[in-house]
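> Let's see this in three dimensions:
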Amino acid sequence: MGQDIKSLRTRIKSVDSTLHLTKAMGLVASSKMRRANEAMLKSRDYVSALTDAVALLSSCAECKKSPYLQDRGTERTRMIVIAGDRGLAGGYNANVFRLMREYPDAEIIPVGKRACERYGAAVNSSEHVSPAQAMELAKRLCAEFAEGKFDRLCVVSTEYVSMLTQTPRITTLLPLQPNQGTERSVIFEPDELTILNGVVPTYVAGMIVALARESFACEVAARRAAMDSAGKNAQEMIDDLQLSYNRARQGAITQEITEIVAGSGN
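So this is what the prediction gives:
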């Protein structure tokens, strides 16, 4: 009986320690949530403006000559995979990697510590993707696409639907999809093709930053939800263990009293 009481006391302390950890991680995630959402919304506005400009340019007949509008199929695909820097975020990282199983032959460019560890690349951070880093990557990828070194450029990221729902998705960046229905009321100088070819690296860089920031907001939201759930489960476990501990203590005390009474009778 004494051994059971000691074991229960040890388990209660262990679960209580876990409960404090989950609460702390939940508070950290909550503190990052507002900044992550603000950065995500700003990036969405920026990308929306870029997308409108690219759509307007791609609707021009002259721009059909651009290498960025040439559809060469999907045989050689490069995929930028954005995952988290840390674990304990529910299914956030697992969902991204599960989606990647459908593309076993793709050439992968990982972003985020978990993605780098999985695909064997130099470790970088998905939380701190800077515009300068994205532009450097975009310029290289756009140049190689124009040279025909690969046929398609995609980004695997996570879409923020709500605090409780985040969905992995694939966004195709190159080749651009020609827009036939855009009305033109703009005069371009020097010409549409030159401007389109010049703006595409900026567009790709902007998309990479925006998708990384949205993915980070998803990671924080997923971690907060996971920690809330873990905290509730830990508290329920502590309550159950405490009840078992109290019963064991009551049984031990009752046994001691019985032994004392029996001894005094003799």
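> Output the below-cut-off pLDDT ranges for this structure.
Scanning the chain for pLDDT under 70 picks out 1-3, 180-185, 264-266.
> Which residue ranges of the stretch 1-150 of the chain form strands?
77-82, 107-111 (DSSP state E, counting those that start in this stretch).
> so what's K64 up against?
Counting by Cβ atoms under 8 Å, 6 or more residues apart in numbering, K64 touches P178. (Glycine included, C-beta is placed from N, CA and C.)
> That one and A146, how far apart?
Separation of K64 from A146 (Cβ to Cβ, to the nearest Å) stands at 15 Å.
> for P178, same thing?
17 Å.
> A225 too?
As judged by Cβ to Cβ, A225 and A146 stand 42 Å apart.
> The two: who's more crowded?
The residue with more neighbours, out of A225 and A146, is A225; 19 against 15, by other Cβ atoms under 10 Å.
> That one reaches L164, doesn't it?
Yes. If you go by Cβ atoms under 8 Å, A225 and L164 touch, sitting 6.1 Å apart.
> what's T171 sitting at in phi/psi?
Backbone torsions of T171, given as degrees, to the nearest 10, read phi -110, psi 120.
> Would you check that it makes contact with T158?
No. Shown here, T171 and T158 do not form a contact pair, counting by Cβ under 8 Å, at 10.9 Å.
> ok, those two, which is more surrounded?
Using other Cβ under 10 Å, the more surrounded residue of T171 and T158 is T158, with 26 against 15.
> where along the stretch 101-250 of the chain do the helices fall?
113-119, 131-146, 192-265 (DSSP state H, counting those that start in this stretch).
> What lies in contact with the shortest one?
Surrounding helix 113-119, the residues in contact under the criterion Cβ under 8 Å, 6+ apart are 81-87, 93, 96-97, 108, 110, 121-126.
> Just the buried ones from these, in ChimeraX syntax?
In ChimeraX, the members of the contacts of helix 113-119 classed as buried (16 or more other Cβ atoms under 10 Å) are selected with the following command:
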select :81,82,83,84,85,93,96,97,108,110,125,126
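> List the contacts of stretch 25-41.
88, 160, 210, 213-214, 216-217, 220-221, 223-224, 227-228, 231.
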